[in-house]
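Engineer: give me a 3D structure for the following:
(one chain, ligands or ions: 1)
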Amino acid sequence: MVVTGRRAMRQLGVLGRVEQSLQSAGVTLSVFEGVSANPRTDEVDQAVRLAREGAVEVVIGLGGGSALDAAKAVAACRALDAPASDLLVQGTPIVRTLPLIAVPTTAGTGSELSRGAILTDPSRRFKGGLRGDGLFPVAALVDPDLSLTMPPALARLTGFDVFCHAVETYFSRLSQPALRCWSLQAVAAFRDCLFRPRPGWSVRERATGMSYASSLMGINLGNASTCLPHRLQYAVGALTDTAHPAGLAALYPDWFERVVVAAPGEARVLLETLFVDAGEAAQAAAAPAAAMIGVLEGLGIRTTLQDLGIRDRAQVEWCIGQVTGAGDVDPCWRGPETVGEIFLSAYGRGC
Ligand SMILES: [Fe+2]
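Structural biologist: Numbering: from 1, shown residues only. Next up is the predicted model:
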């Protein structure tokens, strides 16, 4: 079964190519073309019913992170014969799924090489993750040419998500020296391919660099946790149904200014990788929020919580209440109050 989004893959002819290729190989194919930007538990359940009727044996996720995450959830729910919302609530590690093949068409989520799948349960307005070794695809077909189908604005948003994975798995207390090296490689790729594109590099070379960085960060996501921005974004996404990288963009300056203060040594190396110029890196270390706003403006994706539809303080408080548990993998975590501080500070920027 191919699991994909509602329109893009069909319109771009990518789904047609996959169908033709599999059918000519004698594979009987089911297609589920109903995944939203924030994949939902009811969509997963619908796909699982189709998979059951079609006696599906292998699940292929085709598209961006949403399609890949939905495919992972379908493979898990079908194998375990459980509704998606139950697995999301239980939080038990997923060890058994149908075999999964991931075909990313964006360079962003790294879901093709990660052990997680993010889902939204609309009945509870809850966005969270299924996790476990079973969610690691048996094969990831990463073809940078497919990422060239993305509109430029989407490429910048998904590229920022790659950058966020690099930054957060770099600062995470669960990180290790080898993972930090890969984070810095991904930051360098983001710099050369998207943030300040190297003159003379072709569009295809840049796409290859970002696809490589995206997949590399998938490995990091599976081995070192993200930090607070990803946890906070889940609440924003659940409330506003806005794109994951847009939520990160609204929160990043206010988190970044705290993490740079909390981990100045790591921050210095990271900023020198991002800006290359030592003077510019030092300036960014002295004014981290402004530096991050500069990155976002450079990409043309600066946004606020208000832009995403959060209109009043009560909605901010709702988001704060959604973020539970300890966030102590994040060096700037000083207790649950850190969540409120970041949210309120980000909200204040949009007032
Ligand atoms: Fe992400």
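
Engineer: put the alpha carbons of stretch 301-309 into PDB.
Structural biologist: Output for stretch 301-309, consisting of C-alpha atoms alone and laid out as PDB, is shown next (Å, rounded to 0.1, in the frame of the first residue of the first chain):
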ATOM      1  CA  ILE A 301       9.800  32.500   6.800                       C
ATOM      2  CA  ARG A 302       9.700  34.700   9.900                       C
ATOM      3  CA  THR A 303       6.400  34.400  11.700                       C
ATOM      4  CA  THR A 304       4.700  34.900  15.000                       C
ATOM      5  CA  LEU A 305       2.300  32.800  17.100                       C
ATOM      6  CA  GLN A 306      -0.300  35.400  16.200                       C
ATOM      7  CA  ASP A 307       0.300  34.900  12.500                       C
ATOM      8  CA  LEU A 308      -0.400  31.200  13.100                       C
ATOM      9  CA  GLY A 309      -3.800  32.000  14.600                       C
END
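
Engineer: touching it from outside, list them.
Structural biologist: Stretch 301-309 is contacted from outside by 153, 156-157, 160, 236, 239-240, 242, 245-247, 249-251, 293, 296, 316, 343, 346-347, 349-351, using CB atoms under 8 Å, 6 or more residues apart in numbering. Bear in mind the C-beta positions are built from the backbone N, C-alpha and C, glycine included.

Engineer: over to stretch 168-178?
Structural biologist: The contact list for stretch 168-178, computed with CB under 8 Å, 6+ apart, reads 179-180, 183-184, 187, 217, 220-221, 223-227, 229-230, 259, 263, 266-267, 270, 328-331.

Engineer: give me that answer again for 6 Å
Structural biologist: The set of residues external to stretch 168-178 that reach it, using CB atoms under 6 Å, 6 or more residues apart in numbering, is 179-180, 183, 220, 224-227, 259, 263, 266, 270, 329, 331.

Engineer: please convert these to a markdown table, extending it with secondary structure and distance to Ala79.
Structural biologist: A markdown table is the format used below for the contacts of stretch 168-178 (DSSP: H, G, I helix; E, B strand; the rest coil; distance: CB to CB, whole Å):
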| residue | secondary structure | distance to Ala79 |
| --- | --- | --- |
| Leu179 | helix | 29 |
| Arg180 | helix | 35 |
| Ser183 | helix | 33 |
| Asn220 | helix | 26 |
| Ala224 | coil | 27 |
| Ser225 | coil | 25 |
| Thr226 | coil | 26 |
| Cys227 | coil | 31 |
| Val259 | helix | 38 |
| Ala263 | coil | 40 |
| Glu266 | helix | 40 |
| Leu270 | helix | 39 |
| Val329 | coil | 29 |
| Pro331 | coil | 37 |
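
Engineer: from those residues, which is closest to Gly110?
Structural biologist: The closest of the contacts of stretch 168-178 to Gly110 turns out to be Asn220 (CB to CB; 7.6 Å).

Engineer: leaving out chain neighbours, which residue sits closest to that closest one?
Structural biologist: Spatial nearest neighbour of Asn220, excluding adjacent residues (CB to CB, 6 or more residues apart in numbering): Thr169 at 3.9 Å.

Engineer: cool, Gln185 as well?
Structural biologist: Excluding its sequence neighbours, the residue lying closest to Gln185 (CB to CB, 6+ apart) is Leu216, at 6.5 Å.

Engineer: the one you found looks like it's in a helix, true?
Structural biologist: Yes. When the secondary structure is assigned by DSSP: H, G, I helix; E, B strand; the rest coil, Leu216 falls within a helix.

Engineer: let me know the pLDDT of it.
Structural biologist: Here the pLDDT value assigned to Leu216 is 94.
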